[in-house]
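Participant: All I have is the shape, not the residue letters:
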Ligand code: HEM
């Protein structure tokens, strides 16, 4: 026996646009309140039927089934920036790209970037002075961007083309945020100044990336950067390679997906550490004992369990991606519930990672909770900072390694104190970033 979800209990609708106002004003608070209504909470966004899933089994069911549940409409706006890259493509196009890109992200290959990550972090620390006030989020964004540029193009972030690309991404992220605030009700082709600025930035980014691709093809240079690996990748079944347009889409995708998320992870981690000096102390003790004052390498990571627990717990409380959206392409079911074609399905890391049924004291920062036994008994679909199913983050290994290496390099040498009274506001857009940055005072640790 199946049941229509519209019969389920739901938050009251106060306006003709359904729940759009509540969702637009305070998405995290609103979705958290929705959790109390049940396993599937029917919502309406304008005319679009929608639901929030809070049952881990349903979440798993949807994330596993990429053919029935495709990326949602709001997310598809990203295509204007990323084209048909891995993050936005669907169907056969996605499958063949994933096959091409998967070996490029094999842990053995990714490990080669560990040294670059530590070297760039160390370079940044050379410029830090005891007692300075920093926006640590801006620092982390610059650092992870420089790392991803080096790993993709083997160029420095100050090189002309990479500057253009970085600027375009910044303009694009602001544009998406303003779209979200307007609930995507303003069309992107409308000649408003911000739309024109956005289109110009994308055009400049395209020109810069195509130039980098053409330079690489002409020079025939073989490096171990991601661009070279993607250019050489050949589909095992069809023997096809990526053309320039697809390479452009893939590279733009990796830059966007690959730097802001990791920067957010670290920014939120710094905030939590400074709010919990006892955790900061314990972390430092582990780093001192294992690294003995040396820079970390990937071989050290398995000997830094507390460092890994700190990152896991930080991604629980502040998931860098806080909401995943899907759309049902046909009439279907989730569990025993009927889902009509066109329904938007919302799955929120923020809501699940703070679920009191699975996490005792859910609001408390407690890295120690991440024991092996705790993880083993946690149902799938409760903790999923990198998503799940076939469309799970391809950069998961890269990101986990980067977050741990950067944290270990910095926390060994500096402690972070929040500047009192500075507002730290989580802004859930494509990623969960601190709206006004995070102002901190940095303190050099004396040896
Ligand atoms: C802490 C850092 C990161 C987090 C939390 C994160 C999170 C995610 C999530 C949740 C998804 C799935 C979205 C969905 O199902 O709708 C995803 C997909 C993806 N991520 Fe990440 N990501 C991170 C870092 C990275 C890095 C470093 C890269 C690349 C260098 C990357 C590249 C991608 C790509 C290409 C996809 C699309 C995969 C596909 O659909 O086949 N991400 N990421």
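Facilitator: Received the coordinates, thanks. Worth saying up front: this structure is predicted, and the values here are computed from it rather than measured.

Participant: what about residue 303, neighbour count?
Facilitator: Using other CB atoms under 10 Å, residue 303 is surrounded by 12 other residues. Backbone N, C-alpha and C define where each C-beta goes, glycine included.

Participant: May I have the residues that are in contact with the residue of the chain found nearest the ligand?
Facilitator: Per CB to the nearest ligand atom, residue 395 is where the chain lies closest to the ligand, at 2.2 Å. By CB atoms under 8 Å, 6 or more residues apart in numbering, the contact list for residue 395 reads 105, 254, 257, 258.

Participant: In this protein, where is pLDDT below threshold?
Facilitator: Low-confidence segments of the chain (pLDDT under 70): 157, 180-191, 447.

Participant: Write out the residues of it neighbouring the ligand.
Facilitator: With CB under 6 Å from any ligand atom as the criterion, the chain comes near the ligand at residues 71, 86-87, 98, 253-254, 257-258, 261-262, 265, 320-321, 324, 385-387, 391, 393-395, 398-399.

Participant: Can you say which of those residues are buried?
Facilitator: Neighbour-count burial (16 or more other CB atoms under 10 Å) is assigned, among the residues of the chain next to the ligand, to 71, 86-87, 253-254, 257-258, 261-262, 265, 320-321, 324, 385-386, 391, 393-395, 398-399.

Participant: which SS class is the residue nearest in space to the middle of the chain?
Facilitator: Most central in the chain under CA atoms, centre = their mean is residue 261, positioned 3.6 Å from the mean C-alpha point. Secondary structure, DSSP: H, G, I helix; E, B strand; the rest coil: residue 261 is helix.

Participant: As a check, name the ranges of all strands in the protein.
Facilitator: 3-4, 40-45, 48-53, 69-71, 133-135, 324-328, 332-334, 337-339, 344-347, 414-418, 426-428, 432-434, 439-444 (DSSP state E).

Participant: Give me the buried positions along the fifth one.
Facilitator: Using 16+ other CB under 10 Å as the burial criterion, the residues of strand 133-135 that qualify are 134, 135.

Participant: What strands flank that strand, and is each parallel or antiparallel?
Facilitator: Neighbouring strands of strand 133-135 in its sheet, by DSSP bridges, are strand 439-444 (antiparallel).

Participant: what comes into contact with the strand it pairs with?
Facilitator: 128-136, 270, 274, 413-419, 422.

Participant: Recalculate using a threshold of 6 Å.
Facilitator: Outside of strand 439-444, the residues within contact range by CB atoms under 6 Å, 6 or more residues apart in numbering are 128, 130, 132-136, 414-419, 422.

Participant: Restricted to buried residues, select those in ChimeraX.
Facilitator: Selection of buried members from these for ChimeraX, criterion 16+ other CB under 10 Å:
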select :134,135,136,414,415,416,418
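
Participant: Now the residue nearest to the centre of the chain: closest residue in space, sequence neighbours ignored.
Facilitator: Using CB to CB, 6 or more residues apart in numbering and skipping residues adjacent in sequence, the residue nearest residue 261 is residue 320, 4.2 Å away.

Participant: dump the residue contacts of the one you found.
Facilitator: 261, 264, 265, 431, 432.

Participant: mind checking how far it is from residue 137?
Facilitator: Using CB to CB, to the nearest Å, residue 320 is found at 12 Å from residue 137.

Participant: Excluding covalently adjacent residues, which one is nearest to the residue at the greatest distance from the centre of the chain?
Facilitator: Distance from the C-alpha centroid of the chain peaks at residue 1, with 38.1 Å (CA atoms, centre = their mean). Of all residues not flanking residue 1 in the chain, residue 336 sits nearest, at 6.7 Å (CB to CB, 6+ apart).

Participant: Help me confirm that that neighbour comes into contact with residue 5.
Facilitator: No. Contact criterion CB atoms under 6 Å: residue 336 and residue 5 do not qualify, at 10.3 Å.

Participant: Who has more neighbours out of those two?
Facilitator: Between residue 336 and residue 5, counted using other CB under 10 Å, the more crowded position is residue 5 (22 against 9).

Participant: what are the phi and psi angles of the residue of the chain closest to the ligand?
Facilitator: Note on residue 395: its backbone torsions stand at phi -100, psi 20 [degrees, to the nearest 10].

Participant: cool, residue 221 as well?
Facilitator: phi -60, psi 140.

Participant: And the helices in the stretch 301-447 of the chain?
Facilitator: Counting by DSSP state H, counting those that start in this stretch, one finds helices in the stretch 301-447 of the chain at the ranges 305-317, 349-353, 372-377, 396-411.

Participant: Could you measure from the residue of the chain closest to the ligand over to residue 144?
Facilitator: Between residue 395 and residue 144 the computed distance is 11 Å (CB to CB).

Participant: do the same with residue 370
Facilitator: Residue 370 is 23 Å from residue 144, where distance means CB to CB.

Participant: need the helices of the stretch 301-447 of the chain in JSON lines with distance to residue 239, can you?
Facilitator: Listed next are these as JSON lines, based on distance: least, CB to CB, whole Å:
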{"stretch": "helix 305-317", "distance to residue 239": "39"}
{"stretch": "helix 349-353", "distance to residue 239": "38"}
{"stretch": "helix 372-377", "distance to residue 239": "41"}
{"stretch": "helix 396-411", "distance to residue 239": "27"}
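
Participant: So which of the ones you listed is nearest residue 154?
Facilitator: Distance to residue 154, taken as CB to CB, is lowest for helix 396-411 among the helices of the stretch 301-447 of the chain, at 15.8 Å.

Participant: Pull the most distant pair out of the contacts of strand 439-444.
Facilitator: With CB to CB as the measure, no two of these lie farther apart than 130 and 422, at 19.7 Å.

Participant: Turn the contacts of strand 439-444 into a markdown table, including distance to residue 57.
Facilitator: Output for these, formatted as a markdown table (distance: CB to CB, whole Å):
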| residue | distance to residue 57 |
| --- | --- |
| 128 | 47 |
| 130 | 51 |
| 132 | 49 |
| 133 | 47 |
| 134 | 44 |
| 135 | 41 |
| 136 | 38 |
| 414 | 43 |
| 415 | 42 |
| 416 | 39 |
| 417 | 43 |
| 418 | 39 |
| 419 | 44 |
| 422 | 41 |
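
Participant: Helices along the stretch 101-250 of the chain, start to end?
Facilitator: Under DSSP H, counting those that start in this stretch, the stretch 101-250 of the chain gives helices at 107-110, 114-126, 136-153, 160-181, 193-219, 226-232, 244-275.

Participant: wait, which of the ones you listed is closest to residue 39?
Facilitator: helix 160-181 (26.6 Å).

Participant: how far is that closest one from where the chain is centred?
Facilitator: Relative to its parent chain, helix 160-181 has a centroid offset of 16 Å by CA atoms, centre = their mean, to the nearest Å.

Participant: Stretch 397-414 now?
Facilitator: 16 Å.

Participant: Please apply the same query to stretch 378-393.
Facilitator: That offset, for stretch 378-393, works out to 13 Å (CA atoms, centre = their mean).

Participant: mind checking the end-to-end distance for that stretch?
Facilitator: One end of stretch 378-393 to the other measures 20 Å (CA to CA, to the nearest Å).
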